[in-house]
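Chemist: Please find the sequence and the predicted model below.
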Amino acid sequence: MKRICIQCGKEFNARGKRGLVAKFCSMECKGKFQIGKPNTSSTKFQKGNIPWCKGTKGIVKAWNKDKKMPQEYGERCSENMIELWKNPEYRKKMLETHPSRFGKLSAHWQGGKIETVCEYCGKEFSVFPYRKETAHFCSRSCRAKSRNGEKSGNWKGGITEENHKIRTSIEYQLWQGSVFTRDYWTCQKCGKKVKQIHAHHIQNFLSFPELRFAIDNGITFCAKCHRKFHKEYGNKDNNKEQLIEFLNNT
């Protein structure tokens, strides 16, 4: 039956019973027609109406309220499947019944795993083809070991170990204590007494090994001023001239 859209005026065909009531040619026209107009639907809740469920609280209960599924239900299902799949006869039966789901006949078959060699221990291990170019190690342990010592990208000739031993030695701790005591535990830049206090080498630690434990080669800074010094002058090749310039700057 032919009808005329009351929104756009277009003529359209409406089949069956819709031919008697159809007013719009599309949902788009219906939406445009209802913009800015109040909802006149019979399903709209009106003031004064009584809800159907009023007074049923505590009387009408859902059939599954206070009922819980056994915890072992899901576990039992998954455990049963695992046990079934461990059975070689079951696997053989599944492969025969559904050959297109497994192995080479599967639509997702990509050739299976391939063998490659671990770059650290030389052990052969299997990986999927997509990891052929990225799988260099057979385990995380081998990967971590391959980045230690001389093989590390940050290797600088083993100076870290020597540096760590010196800075954790008793001599270094005595040097720090002597510098703090001499300066009365006070920052020589800002003049504050704080809990976080550092002993700074005037002539840098690396280039002057003979002055590492010399009390005259140390000065006390708070953590904030110490960070500020190294931010301005860097962490390498620090010297007395830089310190004098830093102390004189306000």
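Modeler: Ah, there it is. This is a predicted model, so every value here is computed, not measured.
Chemist: Any figure for the gap between Gln7 and Lys236?
Modeler: 77 Å (Cβ to Cβ, to the nearest Å). C-beta here means a position set from N, CA and C on the backbone, and glycine is covered the same way.
Chemist: quick one: which of the two has more around it?
Modeler: Neighbours around Gln7 and Lys236, counted as other Cβ atoms under 10 Å, are more numerous at Gln7. The numbers are 16 against 9.
Chemist: Show the pLDDT at that one.
Modeler: Here the pLDDT value assigned to Gln7 is 89.
Chemist: same thing with Thr40?
Modeler: Model confidence at Thr40 (pLDDT) stands at 62.
Chemist: what does Asn154 give?
Modeler: 70.
Chemist: burial of it, as a residue count?
Modeler: 6.
Chemist: Lys30 now?
Modeler: Lys30 has 14 nearby residues by other Cβ under 10 Å.
Chemist: Go through the helix or strand hosting it and flag the buried ones.
Modeler: For Lys30, the host element (DSSP states H and E) is helix 27-34. Neighbour-count burial for helix 27-34, with 16 or more other Cβ atoms under 10 Å as criterion, is recorded at Cys29.
Chemist: who's in contact with it?
Modeler: The contact list for helix 27-34, computed with Cβ atoms under 8 Å, 6 or more residues apart in numbering, reads 5-8, 23-24.
Chemist: What segments of this structure are helices?
Modeler: Listed in chain order, the helices of the chain (DSSP state H) span 18-21, 27-34, 71-86, 88-97, 140-145, 159-167, 170-182, 223-233, 240-248.
Chemist: Break the protein down into its structural domains.
Modeler: The chain breaks down into these domains under automatic domain parsing: 2-34, 114-149, 162-248.
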